[in-house]
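> Here is a sequence with its predicted model. Questions after.
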Amino acid sequence: MNNPLQRVVDALPALVWTATAQGDTDFLNQRWRDYTGLTVAQSLGRGWQVAVHADDLTSVTIAWEHAISTGEPYEVEHRLRGADGVYRWFNARGVPLRGPDGEIAQWSVLQVDIDEQKRTHALHSGEKRLLKMVARGRPLATVLTELCKLLDATAEGCFASVLLLDRSGKRVQQVIGPGLPASCFNFRDDEPFTCAAGPFGLSAQQRKQVVVADIEHDLRWADGSWPAHALAHGLKSCWSSPILSLPGELLGIFAIYRRDTGTPSAVHQGLTQQFSFIASIAIERAQSEDALKRSEAFLARAQHISATGSFSWHLGSGEITLSQQYCRIFELDPAEPITLERILARVHPDDRALMRDMIERVRTDGGDFDFDCRLLMPDQTVKYLQFANGAIRQNDQIEYIGAVRDVTSQRLSDEALNTVRSELAHVSRVASLGTLTASIAHEVNQPLSGIITNASTCLRMLGAVPPNINGALETARRTIRDGNRAAEVISRLRTLFSKNLISAEAVDLNEATREVLALIRIELQKNRVVVHLDMADDLPPVTCDRVQLQQVILNLLLNASEAMIEVHDRPRVMLITTAHDADDCVRLAVRDEGTGITAQDVERLFGAFYTTKADGMGMGLSISRSIIESHNGQLLAEPNDGPGATFWFAIPRQPCFDPVDDRSASLPRTEP
């Protein structure tokens, strides 16, 4: 290779090498040699393969030999050892160079570092796999073990562990840390879990993260055994974080050990937050399943012994027999005759047609049926029940045996969770009120000032001699106009920031955007933001929930404005565009010229509790994406070619959507 060309190849930000037609390496650029630490002599021929990870060598060899023998392009992903001994993922692509006779004269291979993409993909795939394991009811210990392994593989040099606590939060039930020796944990069941146990106990007590950057020199546990025990296993730093349930109950401790000193980076903190959240989901699900299994086991045993919660119905004679528990659920007096009408009288009016239909199916089909229904009790409380029925045939007689289970608590918990989600969406909107205070005051004060001025003018005209009737009438009309303007502002605010029933309507995206802009006009002026509009004239209306769509628009506009606060060397320009896509979707994009985002930040921006703002909750974009996806759309972000970023969403014109419930629903009461 001539010198000028070699200098160019050596300067490329990738690993480049060439090989003969037989597959023997004859040139490697400087970047390749610097990365691997191998000399040219060590790498020639097939010597370069010593840097390939042992687990990948077979696939690399097979792919290379196949390319050499067939002349087809060579492409494979594998790990390559660096001079520091650390392996990174590379994508290797090779193409044959042919001579005038068409025969292969040489191979050129380019290797590009894809380690970051691989790790990000592995983390995302690992999280999905963990959540699937939780959803499928895999054992808690298995889920937490895989969770720790995933963090160990994602954060180099880190060893994760989870300490499961009992209901009191004072004793360790189980310790999981697959990357650490079992002897590393010296917790005893008969010992209380206190601050003396190290950073874990302090984290549990304070309900916050405790960072021990240097175990050897941290004096907080100088009188305890924990530092010496950790140091004996070569561990020099430890970061402990509490695992909390949604109501704030302490479930366990998520701890990360390292063999060197130091504090967690922003990446470590993000991983800790993500993995603690997944751990809390897994633990809560396991606790709920354990409680349910205990309840089901008790019920099965009780039914076996005393037929508690069961009933029988002889179709021929019509005789109905109920257990005591069945009567207690329905609040029926077992001393009185039991009839279908007495049972139906307890069924919720909206479910009676369902119950009658099931009774008719039992009479005609004679099959097994499982169904749910509600009861409306005399005190107007509502109970949710699950029925399981099976037919027994003896001597041409059919008897139905069934069981009923009261699942009111479970249903109320589900409804409470949905209410919490809707409250969170509402809180996100209300949180914007502080930002919009100046805009709201300005928008309301303008028409109010006009009303006062017009009223005073009207009085002067009426008090003149002779009175100016025509002028007074015109002034009164202006007063009515300004009053209507003020009422429209208040109406828009009440609509946007109040809890309303979900309503699907035809919405003009351009009009909805202009309404939001009117609300935040003063905020944009205060931040010296110049707004440019590029709105499609032929934009069709979209069927959606107007309030929720405007919540998304409001969030995107405020985020774009805040992203440019620190910009002082160029105009703060925001470009808002709307368009009608070819796939019959309506699109809105907000482009700013702020500090911008990186490709790695794009997905994290939409994660719950992730924020780049010092005072942010990290929920705005997460809720916005949830709203757009509920409309069968998508919300995405991308860095600009120049400064800033662009956030955009697209939703179908006629989506079959299930918007985030924004109702403040009152749940039915139940007796304890």
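Thanks, I have the structure now.
> Surely Leu180 is within a strand?
No: checked against DSSP: H, G, I helix; E, B strand; the rest coil, Leu180 lies outside a strand; its state is coil.
> what's the burial count for it?
Residues contacting Leu180 under the criterion other CB atoms under 10 Å number 19. Yep, even glycine has a C-beta here, placed from its N, CA and C like the rest.
> Tell me the helix or strand right after whichever strand or helix holds Gly201.
Element membership for Gly201, per DSSP states H and E: helix 199-206. The C-terminal neighbour of helix 199-206 among helices and strands, as given by DSSP H and E, is strand 210-212.
> Now do that next one: everything it contacts.
For strand 210-212, the surrounding residues in contact (CB atoms under 8 Å, 6 or more residues apart in numbering) are 198-200, 202-203, 218, 220, 237-241, 263-264.
> Mind doing that once more with 10 Å?
195, 198-204, 218, 220-221, 226-227, 230, 235-242, 253, 255-257, 261-264, 269 (CB atoms under 10 Å, 6 or more residues apart in numbering).
> Those in helices, which ones?
Pro199, Phe200, Gly201, Leu202, Ser203, Ala204, Trp226, Pro227, Ala230, Gln269 (DSSP state H).
> Are any of those buried, and if so which?
Among the ones in helices among the contacts of strand 210-212, those classed as buried by 16 or more other CB atoms under 10 Å are Pro199, Phe200, Gly201, Leu202, Ser203, Ala204, Trp226, Pro227, Ala230.
> so which of these comes closest to Ala63?
Ala230 (44.7 Å; CB to CB).
> I'd like to know how far the closest one sits from Asp152.
Distance, Ala230 to Asp152, by CB to CB, to the nearest Å: 17 Å.
> sorry, back to before: including distance to Gly157 and pLDDT, could the buried ones among the ones in helices among the contacts of strand 210-212 go into JSON lines?
JSON lines is the format used below for these (distance: CB to CB, whole Å; pLDDT from 0 to 100):
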{"residue": "Pro199", "distance to Gly157": "18", "pLDDT": "87"}
{"residue": "Phe200", "distance to Gly157": "20", "pLDDT": "85"}
{"residue": "Gly201", "distance to Gly157": "25", "pLDDT": "85"}
{"residue": "Leu202", "distance to Gly157": "24", "pLDDT": "87"}
{"residue": "Ser203", "distance to Gly157": "21", "pLDDT": "88"}
{"residue": "Ala204", "distance to Gly157": "25", "pLDDT": "87"}
{"residue": "Trp226", "distance to Gly157": "21", "pLDDT": "83"}
{"residue": "Pro227", "distance to Gly157": "20", "pLDDT": "86"}
{"residue": "Ala230", "distance to Gly157": "16", "pLDDT": "87"}
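> for the residues you listed, which one is nearest Ala599?
For these, the nearest to Ala599 is Ser203 (33.9 Å; CB to CB).
> right, and that closest one touches Pro242 too?
Yes: counting by CB atoms under 10 Å, Ser203 does reach Pro242; the two are 5.4 Å apart.
> where do the contact lists of these two overlap?
Gln209, Val210, Leu250, Ile253, Phe254.
> Run through the bridge partners of the last one.
Pointing back at Phe254 there. Val162, Ser241 (DSSP bridges).
> what about it, neighbour count?
If we define neighbours as other CB under 10 Å, then Phe254 has 29 of them.
> The third one too?
Residues contacting Leu250 under the criterion other CB under 10 Å number 18.
> any weak-confidence spans in the stretch 1-150 of the chain?
1-8, 11 (pLDDT under 70).
> For it, just list every one of the helices.
3-11, 30-36, 40-43, 54-70, 115-135, 140-154 (DSSP state H, counting those that start in this stretch).
> what residues does the fourth one touch?
Outside of helix 54-70, the residues that reach it under the criterion CB under 10 Å, 6+ apart are 19-24, 46, 48-53, 72-81, 87, 89-90, 92, 94-96, 104, 107, 109.
> Show me the domain layout of the chain.
3-113, 119-290, 307-406, 430-652 (automatic domain parsing).
> any chance of those domains in a markdown table, plus distance to Leu412?
A markdown table is the format used below for the domains of the chain (distance: least, CB to CB, whole Å):
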| stretch | distance to Leu412 |
| --- | --- |
| domain 3-113 | 49 |
| domain 119-290 | 14 |
| domain 307-406 | 8 |
| domain 430-652 | 20 |
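> Tell me which of those domains approaches Ser413 most closely.
Across the domains of the chain, closest to Ser413 is domain 119-290 (CB to CB), at 8.8 Å.
> Please compute how far the closest one lies from its chain's middle.
21 Å (CA atoms, centre = their mean, to the nearest Å).
> How much space separates the closest residue to Gly37 other than its chain neighbours from His532?
Distance criterion CB to CB, 6 or more residues apart in numbering; nearest residue to Gly37, sequence neighbours excluded, is Ala83 at 3.1 Å. Distance, Ala83 to His532, by CB to CB: 51 Å.
> do the same with Tyr400
Distance from Tyr400 to His532, by CB to CB: 71 Å.
> still on that earlier bit, pipe the shared contacts of Ser203 and Pro242 into TSV and attach distance to Gln117 and pLDDT per row.
Formatted as TSV, the shared contacts of Ser203 and Pro242 follow (distance: CB to CB, whole Å; pLDDT from 0 to 100):
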residue	distance to Gln117	pLDDT
Gln209	29	92
Val210	34	92
Leu250	37	89
Ile253	32	91
Phe254	26	93
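> With respect to Asn559, which of these is nearest?
For the shared contacts of Ser203 and Pro242, the nearest to Asn559 is Gln209 (27.1 Å; CB to CB).
> Quick check: that closest one vs Thr263, distance?
11 Å.
> can you give me the strands for the stretch 301-450 of the chain?
310-314, 320-322, 369-376, 382-394, 397-406 (DSSP state E, counting those that start in this stretch).
> Figure out which of those strands is closest to Val542.
Closest among the strands of the stretch 301-450 of the chain, using CB to CB: strand 369-376, at 35.3 Å.
> buried sites along that closest one?
So, applying 16+ other CB under 10 Å, buried residues of strand 369-376: Phe369, Cys373, Arg374, Leu375, Leu376.
> which two from the residues you listed end up farthest apart in space?
Of all pairs in those, the most separated under CB to CB is Phe369 and Leu376 at 21.7 Å.
> Give me the neighbour count for His217.
Around His217 there are 11 residues (other CB under 10 Å).
> And for Cys148?
Cys148 has 25 nearby residues by other CB under 10 Å.
> Please name the residues that touch it.
Cys148 is in contact with 158-162, 176-180, 254-256, 275, 279, counting by CB under 10 Å, 6+ apart.
> Find the residue closest to Val590 in space, skipping its chain neighbours.
Closest to Val590 by CB to CB, 6+ apart is Leu556, at 4.5 Å.
> quick check, the one you found in a strand?
No: looking at Leu556 with three-state DSSP, it is helix, so not inside a strand.
> Please report how far Ser183 lies from Ala41.
46 Å.
> and what of Thr120?
Counting by CB to CB - Thr120 and Ala41 are separated by 37 Å.
> repeat for Tyr384
Tyr384 is 77 Å from Ala41, by CB to CB.
> The two: which has the busier surroundings?
Taking other CB under 10 Å, Tyr384 and Ala41 do not tie; Tyr384 has more neighbours (21 against 8).
> still on that earlier bit, same drill for Gln209 and Thr263, tell me which one is more crowded.
Gln209 (17 against 12).
> ok, now which ones touch the nearest residue to the more buried one once chain neighbours are set aside?
Computed as CB to CB, 6+ apart, the closest residue to Gln209 that is not its neighbour in sequence is Ser241, at 4.4 Å. By CB under 10 Å, 6+ apart, the residues touching Ser241 are 199-200, 203, 207-211, 252-256, 264, 269, 272-273, 275-276, 279.
> what's the distance between Ser241 and Ala255?
8 Å.
> shared neighbours of those two, anything?
Pro199, Phe200, Ser203, Val210, Thr272.
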